[in-house]
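1. the following comprises the amino acid sequence and a computationally predicted model.
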Amino acid sequence: MSEKKTNSVINFIKKNLYYILIGLSLIIIATVIAIVLATNSAPVDEGKVPPVSDSEQNSESTPNQDQTQKPIEKPDDTPTNNPNDNPSDDTPNTPVDTKIVFNMPIAETSVLKDYTSSTVVYNQTLGVYTGHMGIDFGAEKGAEVMAAYGGTIESVTTSYLQGTTVVIDHGNGLKSIYNSIDALENLAEGQSVSAGQVIGTVSDNNRQEYKDGPHLHFEVTLNGQKVDPDQYLMMNEK
């Protein structure tokens, strides 16, 4: 009985061997394809973000209602108090001219001759009447002569008739002139001096006025024109 079954099986295999081989081949091919597909569907590498679905994107773009929304900060519109932007009413709109006031070039003195622009005075040394475009300040010989105002020494010159003359440039065309003095030895052209700084001593080296005794002949020029020194010294107010 068993031999018949065995023979039947063998006969069946022989008759259907072709189909059996084809079936096995299909099974093997299907298995290979399944393995390839499983290999290609590898897990996402670490450090890489998996693609986000549309539903997840919508959920992320929508803010969580439980989270507190911070208000957008606006720039501070409060104006700053800049004195240059809004000048006060007390600030003048136009520059104010500051009047220049000279110091007296000699501490203790008396006026021997005034400035004259339209009249003449007698020069006892020369024996003639001449104009006098300055002020003669009498003082003892050796009395200190000081710069009437701050400036720069323009020149220090000496001549036989006029003696030693020092010119100080105060800027803006204003100059003061000191004649009949003994200038300090270290006084030089270009040196800066301040008001009240000693520039020399009273002398009688002006031979055109030596009979008037030791004195300082003081002149002031503005833009090259001699002017009355009294308008800067204002001796009448002292």
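-> Arrived safely. Numbering: from 1, shown residues only.

2. C-alpha from now on. contacts and neighbour counts both.
-> Noted.

3. list the beta-bridge partners for the nearest residue to residue 156 once chain neighbours are set aside.
-> Nearest-residue entry for residue 156: residue 166, 4.7 Å, with adjacent residues in sequence omitted and distances by CA to CA, 6 or more residues apart in numbering. Beta bridges link residue 166 to residue 156, residue 178, judged by DSSP bridges.

4. residue 187 - that's part of a helix, no?
-> No - under the criterion used here (DSSP: H, G, I helix; E, B strand; the rest coil), residue 187 is coil, not part of a helix.

5. mind checking the backbone torsions on it?
-> Dihedral angles of residue 187 (phi, psi; degrees, to the nearest 10) stand at phi -80, psi 130.

6. and it, what is it in contact with?
-> Taking CA atoms under 8 Å, 6 or more residues apart in numbering as the criterion, residue 187 is in contact with 156, 199.

7. tell me the buried residues in stretch 145-162?
-> Neighbour counts over stretch 145-162 (16 or more other CA atoms under 10 Å) mark 145-156, 158, 162 as buried.

8. please read the previous query as pertaining to stretch 112-125.
-> 113, 114, 115, 116, 123.

9. excluding chain neighbours, what is closest to the third one?
-> Right, the one you point to is residue 115. Closest to residue 115 by CA to CA, 6+ apart is residue 134, at 4.7 Å.

10. mind giving me the domain split of this structure?
-> 1-60, 110-237 (automatic domain parsing).

11. so which of the ones you listed is nearest residue 99?
-> Set against residue 99 and scored by CA to CA, the domains of the chain come closest in domain 110-237, at 8.5 Å.

12. for this protein, which segments count as helices?
-> Secondary structure of the chain (DSSP state H): helices at 2-15, 17-40, 54-61, 230-233.

13. in terms of secondary structure, what does the shortest one contact?
-> Contact partners of helix 230-233 among helices and strands, from 3 or more CA pairs under 8 Å, 6 or more residues apart in numbering; DSSP states H and E: none.

14. now do it: distance to the chain's middle.
-> The gap between where helix 230-233 is centred and where its chain is centred comes out at 38 Å by CA atoms, centre = their mean, to the nearest Å.

15. number of residues surrounding residue 17?
-> 12 (other CA atoms under 10 Å).

16. ugh, typo on my part, it should be residue 140
-> Count around residue 140 with other CA under 10 Å applied: 15.

17. can you pull the phi/psi pair for it?
-> phi -70, psi 150.

18. residues contacting it?
-> 202, 214, 215.

19. what about 10 Å?
-> Counting by CA atoms under 10 Å, 6 or more residues apart in numbering, residue 140 makes contact with 108, 109, 201, 202, 203, 204, 213, 214, 215.

20. quick one: least confident helix or strand in the protein?
-> Lowest mean confidence among the helices and strands of the chain (mean pLDDT, DSSP states H and E): helix 54-61, at a mean of 49.

21. low-confidence ranges, the protein, go.
-> 1-5, 9, 40-97, 236-238 (pLDDT under 70).
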